[in-house]
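Asks: output the structure for:
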Amino acid sequence: MHDEFFLQVESYLPALKYHCLKLTNNEWDAEDLMQEVLAKLYRSLQQAPDREISKAYVRQIAATTWIDYTRSKQAKISAAAFDELLHQPTLTPISEIAVREMFEQLADRLNVRQMVLILLVDIFQFTALETAQLIHSTQGAVKEGLKRARQRLITLAAELRDHKEDAPVNDRQRRRRDAENEATLQSLSKEMFEQFLAAFRAGDVTAICHSYLLLARNGVRVEKVTATGTRVFFTFRDPNGHLLGFVQQL
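Replies: As a prediction, the model looks like this:
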């Protein structure tokens with residue numbers, strides 16, 4: 001690849017390498033994934049030289065590329081026997097980070113039910129039964145709804161990736177969206193955490209999603225969620241890397 005391209009992406013390489021390793025849990029696969037991401041970035045810049053490269057854009061390409069690879073690999077393994085499950089996205093621990101990345105970028109294009117199912121099960125790691133109890137549904141309905149929500153999320157991610165690669169004009173739309181997101185950022189405060197916990201206490205699924213996204217857009221990551229009886233233990237990591245623990249009674 002040309003020296004000019006290397007200069008454009010050089011500052012993102014350490015973070016990209018780390019992100020690829022987190023996605024794949026394997027140094028060999030991480031290296032292959034990183035090379036594929038760089039190849040896609042290079043083609044993207046060839047098509048649209050004025051495209052702005054951002055950390056979020058690079059992470060999005062890595063996440064969708066890895067999901068495409070794992071789905072393709074699954075299909076090849078069982079190509080001899082038709083299995084309906086292959087036509088549903090199968091989320092494994094390998095792709096949990098990818099799901100989080102896609103969710104935080106595409107949540108506004110999901111309906112509330114899809115948002116809360118992905119958030120509770122795939123990000124917070126609640127069981128289907130725990131999720132059903134929280135949203136006053138059934139375990140079967142949660143499992144079925146989660147399949148559709150996952151499919152919707154992956155489809156949106158693929159559309160977004162293809163749209164970015166094939167339509168340079170979307171750079172203007174992306175910059176406008178980024179500016180709008182930037183405008184929503186607030187100084188991280190205790191009230192933001194309290195809103196999130198209050199949403200859980202009330203069982204308000206819409207408020208749970210919105211308060212989580214507000215925290216995420218202000219640099220807060222949910223590191224771990226553990227449900228024990230009627231209590232839920234949350235561990236957050238703030239933008240400075242500090243861990244914060246909260247306990248919520250349901």
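Asks: by mean pLDDT, flag the weakest helix or strand of the chain.
Replies: helix 170-184 (a mean of 51; mean pLDDT, DSSP states H and E).
Asks: per-residue confidence averaged over the very next helix or strand once past that one?
Replies: The helix or strand immediately downstream of helix 170-184 is helix 190-202, counting by DSSP states H and E. Regarding helix 190-202, the rounded mean pLDDT is 85.
Asks: which elements pack onto helix 190-202?
Replies: helix 205-217, strand 231-237, strand 243-249 (3 or more CB pairs under 8 Å, 6 or more residues apart in numbering; DSSP states H and E). For glycine as for every other residue, the C-beta is placed from the backbone atoms N, C-alpha and C.
Asks: again, 7 Å this time
Replies: Secondary-structure packing of helix 190-202 (3 or more CB pairs under 7 Å, 6 or more residues apart in numbering; DSSP states H and E): helix 205-217, strand 243-249.
Asks: quick one: residue 195 from residue 150, how far?
Replies: 27 Å (CB to CB, to the nearest Å).
Asks: between the two, who's got more neighbours?
Replies: residue 150 (22 against 17; other CB atoms under 10 Å).
Asks: distance of the closest residue to residue 115 other than its chain neighbours relative to residue 10?
Replies: Nearest non-adjacent residue to residue 115, counting by CB to CB, 6 or more residues apart in numbering: residue 209, 4.5 Å away. Note on residue 209: its distance to residue 10, by CB to CB, is 36 Å.
Asks: of the two, who's got more company?
Replies: residue 209 (21 against 9).
Asks: so the more buried one sits right up against residue 114, yeah?
Replies: No. Using CB atoms under 7 Å, residue 209 is not in contact with residue 114, being 9.7 Å away.
Asks: need the next SSE after the strand or helix carrying residue 36, C-terminal direction.
Replies: According to DSSP H and E, residue 36 maps onto helix 27-47. Using DSSP H and E, the helix or strand that directly follows helix 27-47 along the chain is helix 55-77.
Asks: run the chain-centre distance for that next one.
Replies: 12 Å (CA atoms, centre = their mean, to the nearest Å).
Asks: show me what counts as buried in it.
Replies: Residues of helix 55-77 classed as buried by neighbour count (16 or more other CB atoms under 10 Å): 57-67, 69-71, 74.
Asks: now, of the helices and strands packed on helix 190-202, which is deepest in the fold?
Replies: Ranked by mean neighbour count, those are led by helix 205-217 with a mean of 19 (mean count of other CB atoms under 10 Å).
Asks: for it, packing partners?
Replies: Partner elements for helix 205-217 (3+ CB pairs under 7 Å, 6+ apart): helix 112-117, helix 190-202.
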